[in-house]
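Asker: One predicted model, sequence on top.
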Amino acid sequence: MNDSIEERLFIQKYEVVSKYMKEFNFNMGESEVYQSKLNEITHLITSNKININDLTQEIIQLIKAQNKEINAVDIKGVRTVAKKIFYECNAVGGISSSVVMIKLEENEIIISYKFGPDEFKTGLIELNKITEFIKIEDVLEDPHSKRYAEHAGRRLAKLWKEKSDFPEKIIITPGW
């Protein structure tokens, strides 16, 4: 990917972050500290180094740094903002987030993994080794959950077909 495309994607994601911060009245003006923090948050999202929980905490820290009070209702609002920012940013320029699979159980009959965009927000996928049937319980509150499930299913089927070992953790990166 050339720099101009990366720069445009960053700018688009920055605009998403800024838009939601303003929409939910978390806008702290044009201060250098605020703009720097928006850049940092956007960079973390762009490089897939942040999940919704961490993004929520980053926004709370930003609000507190501006000497603003924050209560339980505000925190719920911040979580809503974090979700909207996270999902919309991941939709900019196509989905760029990875699918993470964590092994839960393996025995002679089944292999099961939790899966999702990170280790915290997950669905469940299970392969029955006898019937070769894959069952997906999609419990994600994510507009892209079907895509995560499809990629987790393909990876599990590929490992089964190749008679590969089933690793404890699998990260399926963009460009599958």
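Answerer: Looks like it arrived, so ask away.

Asker: so where is the protein shaky, pLDDT-wise?
Answerer: Along the chain, the model assigns pLDDT under 70 to residues 1-5, 24-30, 91-97, 120-121, 138-144, 174-176.

Asker: just so I have it, where are all the helices in it?
Answerer: Here the chain has its helices, by DSSP state H, at 3-23, 32-46, 52-65, 72-91, 145-161.

Asker: Including mean neighbour count and distance to residue 123, could these go into TSV?
Answerer: C-betas here are computed from N, CA, C, even on glycine. What follows is those, written out as TSV (neighbours: other CB atoms under 10 Å; distance: least, CB to CB, whole Å):
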stretch	mean neighbour count	distance to residue 123
helix 3-23	15	25
helix 32-46	17	21
helix 52-65	17	15
helix 72-91	17	15
helix 145-161	17	6
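
Asker: any chance of those in JSON lines, plus distance to residue 113?
Answerer: Converted to JSON lines, the helices of the chain look like this (distance: least, CB to CB, whole Å):
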{"stretch": "helix 3-23", "distance to residue 113": "29"}
{"stretch": "helix 32-46", "distance to residue 113": "25"}
{"stretch": "helix 52-65", "distance to residue 113": "20"}
{"stretch": "helix 72-91", "distance to residue 113": "21"}
{"stretch": "helix 145-161", "distance to residue 113": "7"}
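
Asker: wait, which of those is closest to residue 102?
Answerer: Ranking those by proximity to residue 102 (CB to CB) places helix 145-161 first, at 10.6 Å.

Asker: Does anything pack onto that closest one? Which helices or strands?
Answerer: Secondary-structure packing of helix 145-161 (3 or more CB pairs under 8 Å, 6 or more residues apart in numbering; DSSP states H and E): strand 99-106, strand 110-116, strand 123-128, strand 133-137, strand 169-172.
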